[in-house]
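Undergrad: can't give you the sequence, but here's the structure:
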């Protein structure tokens with residue numbers, strides 16, 4: 001089979017700490033791994049592009065690295081979308097079927113979903129994703145696919161995932177400046193959920209918690225649909241910054257110490273064990289108590305877990321999560337974090353590790369790759385839709401292009 005009939009799909013994760021690229025080839029219905037590249041992010045702070053030129057240069061370096069690995073040319077990407085500005089807003093739309101009972105068509109469903117998109121958003125915000133939660137036929141809730149059923153009135157409950165237009169467009173502009181066309185913007189927890197959540201969890205009620213570098217995404221999924229979405233402005237970098245300040249050590253050293261010695265369950269830990277904390281600049285290294293180091297991490301972990309708990313309680317989902325919590329993202333691997341969360345929330349917690357593509361080594365079987373692997377699955381679905389309705393999808397995503 002020629003490469004012409006084997007499309008290359010690419011996901012770009014423009015993160016606070018790293019810019020990452022994953023490329024795969026679609027062979028019939030299978031995805032095969034081609035390349036992975038990562039570069040330190042430039043011009044990105046707390047998930048937002050603050051220097052367009054620097055961010056685009058970081059993207060270009062990561063893309064070029066992936067191209068060299070796979071011997072391909074990357075032109076189009078699925079681009080990650082995150083940040084504390086992201087909001088999930090519930091909405092409800094009603095469509096009267098001409099006042100008489102009749103069979104509901106696909107066009108009727110599309111019409112009620114179009115109505116649901118017309119919600120007035122906060123100033124400066126735009127709609128990025130819409131998920132149908134359920135359909136209601138003549139006041140009968142719980143319908144997932146109304147096509148072919150008979151009713152006089154069709155209603156849709158939806159979740160609109162929105163973001164501030166400025167930060168969203170700045171990410172697209174950085175990719176465009178690097179010579180890339182953005183085919184899709186993808187809210188990172190949604191992609192992670194697609195890669196990680198099992199069918200039974202989706203039905204019974206589960207919260208996906210994605211701990212990234214600058215923020216933490218929270219989704220509540222039940223009855224097969226995403227019911228709630230939020231972002232908390234705390235991520236792995238906050239843990240690192242806490243210990244860097246407390247022990248007067250460089251951020252890069254604090255990050256390494258967190259990965260090597262980090263533990264948030266400090267009960268029973270030795271009171272005398274010490275670890276080395278490098279000094280800043282010409283200041284010498286010094287020995288610090290390991291438990292004292294971990295106490296700072298524990299305090300931040302407890303604070304973040306409380307914020308997650310508060311968000312789920314306010315949304316009404318805290319006590320409706322029969323399948324508990326799936327913890328993922330780079331911050332999920334901090335020692336004892338999943339157990340601390342289980343103890344605080346009194347819910348089962350598992351660490352979500354994504355399934356690998358054909359040809360991928362086991363080193364990618366880590367929570368930090370959940371978005372990239374979920375994103376490549378989304379790119380595959382989008383490619384299939386474009387094959388079925390090429391004109392529609394080209395028009396829909398053309399708004400993402402900007403002049404570089």
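TA: Now that the structure is in, tell me what you want to look at. Given the structure is predicted, the values throughout are model-derived calculations rather than measurements.

Undergrad: tell me the buried residues in stretch 156-172?
TA: 156-164, 167-172 (16 or more other C-beta atoms under 10 Å). To be clear about C-beta, it is placed using only N, CA and C from the backbone, and glycine gets the same treatment.

Undergrad: can you check stretch 136-149 too?
TA: For stretch 136-149, the neighbour count (16+ other C-beta under 10 Å) marks 136, 137, 143, 146 as buried.

Undergrad: which of these fall within strands?
TA: 136, 137, 143 (DSSP state E).

Undergrad: which strand residues bridge the nearest residue to residue 359 once chain neighbours are set aside?
TA: In space, and not counting its chain neighbours, residue 359 is closest to residue 33: 3.9 Å by C-beta to C-beta, 6 or more residues apart in numbering. Bridge pairing for residue 33 (DSSP bridges) gives the partners residue 24.

Undergrad: so residue 33 sits against residue 358, correct?
TA: Yes. Here residue 33 reaches residue 358: they are 6.5 Å apart, a contact under C-beta atoms under 8 Å.

Undergrad: out of these two, which sits in the more crowded spot?
TA: residue 33 (19 against 11; other C-beta atoms under 10 Å).

Undergrad: dihedrals phi and psi, residue 303?
TA: phi -60, psi -50 (degrees, to the nearest 10).

Undergrad: what about it, how many neighbours?
TA: Neighbours of residue 303 using other C-beta under 10 Å come to 13.

Undergrad: what's the answer for residue 30, then?
TA: 11.

Undergrad: tell me the contacts of the closest residue to it other than its chain neighbours?
TA: Among residues not flanking residue 30 along the chain, residue 358 sits closest, at 6.0 Å (C-beta to C-beta, 6+ apart). Residues in contact with residue 358, defined by C-beta atoms under 8 Å, 6 or more residues apart in numbering, are 30, 31, 32, 33.

Undergrad: is residue 358 in a bridge, and if so with what?
TA: Assessed by DSSP bridges, residue 358 has beta-bridge partners residue 32.

Undergrad: which SS class is residue 94?
TA: Applying DSSP: H, G, I helix; E, B strand; the rest coil to residue 94 yields a three-state assignment of strand.

Undergrad: pretty sure it is touching residue 151, no?
TA: No. Here residue 94 lies out of contact with residue 151, judged by C-beta under 8 Å, at a distance of 11.5 Å.

Undergrad: pick out whichever of the two has more residues nearby.
TA: When residue 94 and residue 151 are compared for neighbours, residue 151 comes out ahead with 20 against 12, by other C-beta under 10 Å.

Undergrad: my guess is the more buried one contacts residue 137. True?
TA: Yes. Using C-beta under 8 Å, residue 151 is in contact with residue 137, at 3.9 Å.

Undergrad: shared neighbours, those two?
TA: In contact with both residue 151 and residue 137: residue 104, using C-beta under 8 Å, 6+ apart.

Undergrad: give the buried residues for whichever helix or strand residue 381 is part of.
TA: Using DSSP states H and E, residue 381 maps to helix 370-388. Across helix 370-388, burial judged by 16+ other C-beta under 10 Å covers 370-380, 382, 386.

Undergrad: so which residue is smack in the middle of this structure?
TA: With distances taken as C-alpha atoms, centre = their mean, the residue of the chain nearest its centroid is residue 188 (1.6 Å).

Undergrad: so what's it up against?
TA: Counting by C-beta under 8 Å, 6+ apart, residue 188 has contacts 13, 80, 81, 82, 210, 212, 217, 371.

Undergrad: do residue 151 as well
TA: Here residue 151 is in contact with 97, 101, 102, 104, 137, 138 (C-beta under 8 Å, 6+ apart).

Undergrad: bridging residues for it?
TA: Under the criterion used (DSSP bridges), residue 151 bridges to residue 102.

Undergrad: what does the one 5 residues further on give?
TA: Residues in a beta bridge with residue 156, per DSSP bridges, are residue 93, residue 135.
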